[in-house]
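Trainee: Please find the sequence and the predicted model below.
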Amino acid sequence: MDDQNKNLILATALSFAVILVWFLLFPPPEQPVDDPNAPAITQTETTPGTGDVASAPTSVAGSATTDAEAAATETADAPRLPVDTARLEGSISLTGGRIDDLRLKDYRTTIEDGAPIVQILDPVGSDAPYYALYGWAPGAGLTLDDVPGANTQWSVESGETLTTDTPVTLVWQSPAGLTFRRTIAVDDDYMFTVGQSVENTGAGAVSLAPYGILARHGVPANLKKFFILHEGVVGMSDGTLAEVDYSDMTDFSVVPSEGARAEVTQVAENGWIGFTDHYWMSILIPEPGQAFKQVAKYDDRRDIYQTETVLPTIQLAEGQTSAVTTQLFSGAKEWETIRAYQKGGVQGFVDSIDWGWFFFLTKPIFAVLHWLHGVIGNMGIAIIALTLILKALLFPLAYKSYVSMAKMKELQPEMEKIKERSGDDRQKLQQEMMALYKKEKVNPAAGCLPILMQIPIFFSLYKVIFVTLELRHAQFFGPFQDLSAPDPTSLYNFYGLLPWAAPEAGSVLALIFIGILPLLLGISMFLQQKLNPAPTDPTQKMIFAWMPWVFMFMLGGFASGLVVYWIANNTITFTQQYLIMRSQGYKPDILGNITGKAKEAEKK
């Protein structure tokens, strides 16, 4: 068997192994389960220690650990302040001063006309409560009743609607003579700025610690459960990224001072923590340079997942005022927007997007794809253009690979003579072969390099297409209106010509009655094979005959954008190889190879 066919079989075997392993490790997402009955939230309070970054909750200086007060009040019908910007709408509950109702004006749940806009935060009393809560943990001289909590009824001091131009300020007077204020502002995108201040108008000094909490009741109903995608806690602490799945949070050790399962991280200067979904996230962000405690917590008694940032304890003398400012990101994981916040001081914020193991490839591949989309205006064409660029970068390797294979083919007679002379002496065979390769300046492994380079690029591009928001609902043409979803066309209804719907994506019928893009993929692989005659060995010949069509069905359920990439890659590879073969003096007989009436490509 010649070296061209050997490399083609190697390419096919490697690709098949990659896809097979991919399906075993990364099965299609399971159908979402109903959200469990959401219990009332817990607000955890603490008695911080002097001079230390407080933990929420903890017990200090001999005081008993105070369990969380239950926020039994459903806030869906509580008094509210509207939130209205160009990109956000929702409201803030005056019960607890919670940011708990937020929708994204630029994004809809599906591509169908009239689909509702995406809801990112939900109040207690809804099907899936998820909200941000701020407060102060009582220290020396204070009790839980002396600080604002989850059920505190705030009053509006200024502002009627939170907009980018008009912040709102809430106020609450403590029985202990403390005056608490909370000022909330929002920018043009998804970043809230939360200023908390306290004025001690009472008698005697007190200590207290400001905190922020993101609470989520139960596991999200639309959790993908797909290994390629991280959903759950994401945090940065002094340059170290941490990702924790919801399932891993239930395995946290019980921390007695917390009254729940928790992991606590001390952050010295820069960090953030929150929850990330497939395309959206909510993140608590203390000021850069601020030390704080970062907490990921699971309350198994109430099935509530929490992330917390607890700032250092403040000693407040009589007549003094103290204030802290933190930020809350709650919105879409837009690369440009998140990168702008990182440039503005949020360390490592771009890493909140799950770039995966091959981040050193995924990040630049996405950056180029994003730029191409901005120039071209069509994501499908941008993927094709990206494929051209990748193939151009790999072209020197491809050219060297084919030239090496051509030289190996010319050396075939000499190699057969060496085999005859060596007989069963494998050491002598290897030595003479290596001497021949060195003399003729041939690298037998050169033909494998382009194949091996394709594998991490394939994984990186699949990661980009599946994970990044910019591919969500990205249009190509005609029926292909979402390149992050499988091909919506189907042979079942003859691609829309028959009056019934196509099978549901992910079903067995959808796998069998494949769409237009998988068909084009199979054809492109078939034609690429036919640049060379089929192997003479019957087993190899059968493998080659079936492989394009096996791949066609296996990849039919992949994201349309990835299938577009593979079709483009096969087409460009076919063209490259044809031109290289012609440049080396060989004229492939493609039609003859298809009909089986041709022999090896003849040299002119």
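Mentor: Received the coordinates, thanks.

Trainee: Can you show me the helices along the protein?
Mentor: For the chain, the helices defined by DSSP state H cover 3-25, 246-249, 335-343, 359-376, 379-410, 412-422, 426-440, 449-467, 508-512, 516-529, 538-554, 560-583, 590-595.

Trainee: what mean pLDDT does the third one have?
Mentor: What helix 335-343 shows for mean pLDDT is 97.

Trainee: now the angle between helix 359-376 and that helix, please.
Mentor: Here helix 335-343 points in a direction 120 degrees away from that of helix 359-376 (axes from the mean of the first three to the mean of the last three Cα atoms, to 10 degrees).

Trainee: Buried residues of helix 335-343, list them for me.
Mentor: Trp335, Thr337, Ile338, Tyr341 (16 or more other Cβ atoms under 10 Å). Where you see a C-beta, it was placed from the backbone N, CA and C, and this is true even at glycine.

Trainee: Surely the second one and Asp187 touch.
Mentor: No. Checked against Cβ atoms under 8 Å, the pair Thr337 and Asp187 is beyond contact range at 10.0 Å.

Trainee: Format the helices of the chain as a markdown table; extra columns: distance to Phe480.
Mentor: Formatted as a markdown table, the helices of the chain follow (distance: least, Cβ to Cβ, whole Å):
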| stretch | distance to Phe480 |
| --- | --- |
| helix 3-25 | 22 |
| helix 246-249 | 33 |
| helix 335-343 | 22 |
| helix 359-376 | 15 |
| helix 379-410 | 7 |
| helix 412-422 | 46 |
| helix 426-440 | 47 |
| helix 449-467 | 13 |
| helix 508-512 | 15 |
| helix 516-529 | 8 |
| helix 538-554 | 17 |
| helix 560-583 | 6 |
| helix 590-595 | 29 |
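
Trainee: Of those, which is nearest Pro123?
Mentor: helix 246-249 (20.9 Å; Cβ to Cβ).

Trainee: Just the C-alphas of that closest one, formatted as CSV.
Mentor: Extracted as CSV, the C-alpha positions of helix 246-249 are listed here (Å, rounded to 0.1, in the frame of the first residue of the first chain):
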residue,chain,number,x,y,z
TYR,A,246,-23.3,22.6,41.0
SER,A,247,-22.8,18.9,41.6
ASP,A,248,-19.4,19.6,43.2
MET,A,249,-20.9,22.2,45.6
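
Trainee: tell me the contacts of Ile273?
Mentor: Contact partners of Ile273, counting by Cβ atoms under 8 Å, 6 or more residues apart in numbering, are 233-237, 283-284, 294-296, 307-309.

Trainee: In strands only, show me these.
Mentor: For these, the ones inside strands are 233-237, 283-284, 294-296, 307-309, with DSSP state E as the criterion.

Trainee: sorry, back to before: tell me the one of the buried residues of helix 335-343 nearest Leu223?
Mentor: After measuring these against Leu223 - Cβ to Cβ - the closest member comes out as Ile338, at 21.8 Å.

Trainee: returning to what we had before: return the closest of the buried residues of helix 335-343 with respect to Glu416.
Mentor: Set against Glu416, the nearest of those by Cβ to Cβ is Trp335 (55.9 Å).

Trainee: Would you enumerate the residues in contact with the closest one?
Mentor: With the criterion set at Cβ under 8 Å, 6+ apart, Trp335 makes contact with Val350, Ile353, Phe366, His370, Thr468, Leu469, Glu470.

Trainee: Isn't the first one up against Thr337?
Mentor: No. Under the criterion of Cβ under 8 Å, Val350 makes no contact with Thr337, lying 10.3 Å away.

Trainee: Have a look at this structure and report the helix or strand with the lowest mean pLDDT.
Mentor: strand 41-43 (a mean of 34; mean pLDDT, DSSP states H and E).
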